[in-house]
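A.B. asks: next comes the sequence, and after it the predicted model I'd like to discuss.
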Amino acid sequence: MQYSRSVKVSVLKKILPPESRSVRSVSKETGVSDQTIRNWQNQIKIGKFTSDSDEKSPRSYLPKEKYHIVMESARLSEEDLGNFLRERGLHSEHLTLWDQELREMIKDRTDQKDKELKARQKRIRELEKELTRKEKALAEAAALLVLKKKLGDLTEEIGGV
């Protein structure tokens, strides 16, 4: 199993001075095997403790990444979830917070879309009223033109007779 750099550092802090706790007690507390801790200790001694530069802080995850992690973790059993979180250097609290954060983002977007929809519906009603008013005015103007033409025709008949 591969552990995140933050897990390695936290375990090594417990076995190195000033704490200088025993490897066995730290192993029982963290669930990391004795041999793995000793290997990390040897890597420090020979200067080969790798810095996982591509490792991310929980704060640096993008919403899309948070979503994928939350969804992936929802399918896992309790045992697998622990390994999943350790591999990524996360805690179960991160999942809870991210789930809540994502739900709020969805709610905010839904509220915003509802407001936009209502504004558009209002605008449509206003435009329909204006269109109806203009259609009535146009019909009235057309009727007046027809009447004017008929009046002109009648005056010609009377004058021409």
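C.D. replies: Okay, I see it.
A.B. asks: against which helices or strands is the biggest helix by length in the chain packed?
C.D. replies: Ranked by residue count, the top helix of the chain under DSSP state H comes out as helix 92-160. Applying 3 or more CB pairs under 8 Å, 6 or more residues apart in numbering; DSSP states H and E, one finds that helix 92-160 contacts helix 63-74, helix 78-88. In short, each C-beta sits where N, CA and C put it, glycine included.
A.B. asks: buried stuff in the longest one?
C.D. replies: If you call a residue buried by 16 or more other CB atoms under 10 Å, then helix 63-74 has these buried ones: 66-67, 69-70, 73.
A.B. asks: residue 106: which of those residues is nearest?
C.D. replies: Of all those, residue 106 sits closest to residue 67, with 9.9 Å by CB to CB.
A.B. asks: ok, that closest one touching residue 103?
C.D. replies: No: if you go by CB atoms under 8 Å, residue 67 and residue 103 don't touch, sitting 10.7 Å apart.
A.B. asks: roughly how far apart are residue 10 and residue 32?
C.D. replies: As judged by CB to CB, to the nearest Å, residue 10 and residue 32 stand 10 Å apart.
A.B. asks: still on that earlier bit, of all the helices and strands packed on helix 92-160, which one is nearest residue 42?
C.D. replies: Of all these, it is helix 78-88 that lies closest to residue 42, at 20.9 Å by CB to CB.
A.B. asks: quick one: residue 34 from residue 24, how far?
C.D. replies: Residue 34 is 6 Å from residue 24, where distance means CB to CB.
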